[in-house]
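> Fold the following.
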Amino acid sequence: PFADAGYDVADYLSVAPRYGTNEDLVAFVDAARSRGIRVLLDLVAGHTSDQHPWFRAWADDPEDHRYIHSERVASPAGAWAPVPGRRGGYYQLNFYPCQPALNFGFARGHEGRPWRDRVDDEGPRANRQALREVMAFWFERGISGFRVDMAASLVKDDPGLVETSRLWGEMRDWLDREHPDAALLSEWGEPALAVPAGFHADFFLQFDNPALRSLWHTGTGTTDPSWTGTDRFFFDPEGSGGIEVFLREWRRATEAIGVDGGHVALPTSNHDYARLVSGPRTADQVRAAFAFLLTWPSLPTIYMGDEIGMRYVPDLPDTEGSRLMPTYDRTGSRTPVQWEPGPGAGFSTAPEDRFYLPLDPDPARPDVATQRADEGSLLHLVRRLVALRHGTPALGPSGGLEVLTEGYPFAYVRGGSHLVVVNPRREPAACDLPAGWADAEPVEVEGVRLTADRAEAAGFAFGIFARR
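The predicted model follows:
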């Protein structure tokens with residue numbers, strides 16, 4: 001029904017008509033695979049739409065345990081809504097009232113709440129089986145894996161998320177047996193928990209963990225008054241700092257994951273968070289951010305349009321639940337990709353008043369076609385950095401990491417062979433270097449110079465160097 005931009009699923013086995021058909025998706029997946037691209041779907045595992053046939057049947061059947069039911073409103077406050085069917089009472093929701101939580105059980109019982117199912121009761125077992133069946137359906141149609149929405153939300157009242165982790169561990173065991181080439185990524189936001197639980201990778205996200213905010217946040221677009229843990233941001237044009245927060249969380253996550261356990265996914269932004277180009281940060285200032293992203297030992301994740309410097313567009317209307325609160329407006333990161341100059345930006349031939357969201361009205365908005373024609377563009381820089389990472393094992397996720405400085409500039413060595421220097425602030429910066437880098441070969445450099453024992457970086461500069 002798109003009350004929450006598609007995160008309210010009424011049919012797990014069909015493509016929404018606005019996008020086409022299942023056959024269209026299969027053709028798309030095949031075409032992508034022929035170009036070396038694998039496609040993952042976004043799996044809403046913890047809740048459905050209130051329009052799903054499962055929910056409609058449950059609302060009339062007191063013996064159905066597909067969802068979570070209480071005779072009266074229970075805790076947590078605000079997480080319950082009246083059941084619309086004959087059984088009465090209330091159902092627990094996962095986000096908006098249109099999103100009833102599927103019943104994967106409670107980690108703890110409660111004497112005064114006999115309606116709480118345990119994780120091995122009939123309803124939770126049926127939902128775990130249904131989850132496997134949904135994934136298998138799409139694997140049979142060529143899908144290569146899933147990004148799991150709200151992956152930590154399944155088992156309720158779960159201190160330390162122990163039972164939620166056990167559930168996903170079971171799913172990973174099944175995946176490794178039946179679909180060993182598939183990938184499972186989580187929207188959990190705590191790689192130290194999610195990856196040991198069974199996911200191949202988990203994202204640093206903007207929610208509870210401060211790691212991502214300490215890098216990219218500008219205080220504009222999407223911000224929540226409850227966010228704590230950071231008040232300085234490393235990729236701030238004015239250089240307020242903050243890399244030590246990211247490094248602390250990075251080390252905590254990678255120590256929990258281990259060398260071969262999986263990956264921390266580091267995104268440029270996402271559909272819930274302001275783009276790299278937002279507030280005071282311009283497209284010319286994010287080149288250093290991509291140099292960092294594509295040389296850091298994470299799973300780099302580029303949100304659509306960030307590779308050409310699309311901006312967060314402020315003051316757009318709420319669309320399908322995109323505005324959570326006045327300061328947390330997700331709409332500006334969801335505007336159409338700008339493929340070419342001119343009306344419609346190559347996104348559609350329809351009148352622009354029919355677009356899902358308005359195009360960026362800035363006459364200087366970037367587009368793919370123009371940047372393809374310009375070797376000095378951000379798009380070409382990102383392509384070169386991606387190719388460099390793929391062709392240089394030292395820069396990949398298994399290459400070693402030695403942090404040399406934690407200020408401006410930020411300097412580190414990958415695999416013992418490649419030096420990276422990043423200065424994302426306006427003011428120049430310099431740092432001391434260990435011996436042996438003065439005659440290093442420039443690989444991809446903008447505004448950084450090496451001397452016998454120092455690296456000198458201009459504002460918004462970066463440099464990648466290899467030992468000769």
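> can you give me the helices in the stretch 301-450 of the chain?
In the stretch 301-450 of the chain, the segments counted as helices under DSSP state H, counting those that start in this stretch are 368-372, 378-391.
> can I get those helices in a markdown table with distance to residue 117, mean pLDDT and mean neighbour count?
C-betas here are computed from N, CA, C, even on glycine. Listed next are those as a markdown table, based on distance: least, Cβ to Cβ, whole Å; pLDDT from 0 to 100; neighbours: other Cβ atoms under 10 Å:
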| stretch | distance to residue 117 | mean pLDDT | mean neighbour count |
| --- | --- | --- | --- |
| helix 368-372 | 50 | 98 | 17 |
| helix 378-391 | 46 | 98 | 17 |
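> would you turn those into TSV with distance to residue 122?
Below are these laid out as TSV (distance: least, Cβ to Cβ, whole Å):
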stretch	distance to residue 122
helix 368-372	51
helix 378-391	48
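> between these, which gets nearest to residue 234?
For these, the distance to residue 234 is smallest for helix 378-391, at 18.5 Å, taking Cβ to Cβ.
> what packs against that closest one?
helix 287-293, helix 368-372, strand 441-450 (3 or more Cβ pairs under 8 Å, 6 or more residues apart in numbering; DSSP states H and E).
> now residue 6: how far from residue 99?
Separation of residue 6 from residue 99 (Cβ to Cβ, to the nearest Å) stands at 11 Å.
> Specify the strand with the largest residue count in this protein.
strand 454-466 (DSSP state E).
> hmm, back to that, neighbour count winner among residue 6 and residue 99?
Using other Cβ atoms under 10 Å as the criterion, residue 6 and residue 99 rank with residue 99 on top: 25 against 17.
> Surely that one and residue 52 touch.
No - Residue 99 is beyond contact range of residue 52, at 10.0 Å (criterion: Cβ atoms under 8 Å).
> what do these two both touch?
Overlap of the contact sets of residue 99 and residue 52 (by Cβ atoms under 8 Å, 6 or more residues apart in numbering) is empty.
> May I see the buried residues of the lowest-mean-pLDDT helix or strand in the chain?
Least confident helix or strand of the chain, by mean pLDDT, DSSP states H and E, is strand 323-325 with a mean of 88. Neighbour-count burial for strand 323-325 flags residue 323 (criterion: 16 or more other Cβ atoms under 10 Å).
> So what touches that strand?
So strand 323-325 is contacted by 224, 329-331 (Cβ under 8 Å, 6+ apart).
> How about stretch 268-276?
Contacts for stretch 268-276 (Cβ under 8 Å, 6+ apart): 5, 203, 205-206, 212, 216-218, 220-222, 235, 286, 289-290, 293, 301-303, 305-306, 309-312, 330, 332-334.
> Quote the end-to-end distance of it.
With Cα to Cα, to the nearest Å as the measure, stretch 268-276 spans 6 Å from end to end.
> per-residue confidence averaged over it?
For stretch 268-276, mean pLDDT is 95.
> Run a quick check on residue 21 versus residue 28, I expect a contact.
No - using Cβ under 8 Å, residue 21 makes no contact with residue 28, being 10.7 Å away.
> out of those two, which sits in the busier spot?
Using other Cβ under 10 Å as the criterion, residue 21 and residue 28 rank with residue 28 on top: 15 against 12.
> and that one, what helix or strand is that in?
helix 22-33 (DSSP states H and E).
> Just the CA trace of that helix, in PDB.
Only the C-alpha atoms of helix 22-33 are listed here, as PDB (Å, rounded to 0.1, in the frame of the first residue of the first chain):
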ATOM      1  CA  ASN A  22       7.900 -10.600 -11.400                       C
ATOM      2  CA  GLU A  23       8.900 -11.400 -15.000                       C
ATOM      3  CA  ASP A  24      10.200  -7.900 -15.400                       C
ATOM      4  CA  LEU A  25      12.300  -8.300 -12.300                       C
ATOM      5  CA  VAL A  26      13.700 -11.700 -13.500                       C
ATOM      6  CA  ALA A  27      14.700 -10.000 -16.800                       C
ATOM      7  CA  PHE A  28      16.400  -7.200 -14.900                       C
ATOM      8  CA  VAL A  29      18.300  -9.600 -12.700                       C
ATOM      9  CA  ASP A  30      19.500 -11.600 -15.700                       C
ATOM     10  CA  ALA A  31      20.600  -8.400 -17.500                       C
ATOM     11  CA  ALA A  32      22.400  -7.200 -14.500                       C
ATOM     12  CA  ARG A  33      24.200 -10.600 -14.000                       C
END
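> May I see the buried residues of it?
Quick answer for helix 22-33 (16+ other Cβ under 10 Å): 25-26, 29.
> Just give me the closest of these to residue 263.
For the buried residues of helix 22-33, the nearest to residue 263 is residue 29 (22.9 Å; Cβ to Cβ).
> List the contacts of that closest one.
So residue 29 contacts 39, 141-143 (Cβ under 8 Å, 6+ apart).
> returning to what we had before: buried deepest among the helices and strands packed on helix 378-391, which one?
Mean neighbours per residue, mean count of other Cβ atoms under 10 Å, is largest over the helices and strands packed on helix 378-391 for helix 287-293, with a mean of 23.
> Contact partners for residue 52?
Counting by Cβ under 8 Å, 6+ apart, residue 52 touches 9-11.
> cool, and residue 402?
412-413, 416.
> And for residue 53?
residue 10.
> do that again at 7 Å, thanks
For residue 53, the contact set (Cβ atoms under 7 Å, 6 or more residues apart in numbering) is empty.
> just residue 369 next, same as before
Residue 369 neighbours (Cβ under 7 Å, 6+ apart): 339-341.
> and the residues you listed as CSV, adding pLDDT, distance to residue 58 and neighbour count?
Shown next, in CSV, are the contacts of residue 369 (pLDDT from 0 to 100; distance: Cβ to Cβ, whole Å; neighbours: other Cβ atoms under 10 Å):
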residue, pLDDT, distance to residue 58, neighbour count
339, 98, 44, 15
340, 97, 48, 13
341, 97, 51, 13
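> Go through the contacts of residue 402 and say which is closest to residue 435.
For these, the nearest to residue 435 is residue 413 (12.6 Å; Cβ to Cβ).
> What about the closest one, how many residues nearby?
Residue 413, neighbours per other Cβ under 10 Å, totals 21.
> Residue 79 now?
Applying other Cβ under 10 Å, I find that residue 79 has 18 neighbouring residues.
> So what does it look like in phi/psi?
Dihedral pair for residue 79: phi -110, psi 20, per degrees, to the nearest 10.
> Fine, thanks again, bye for now.
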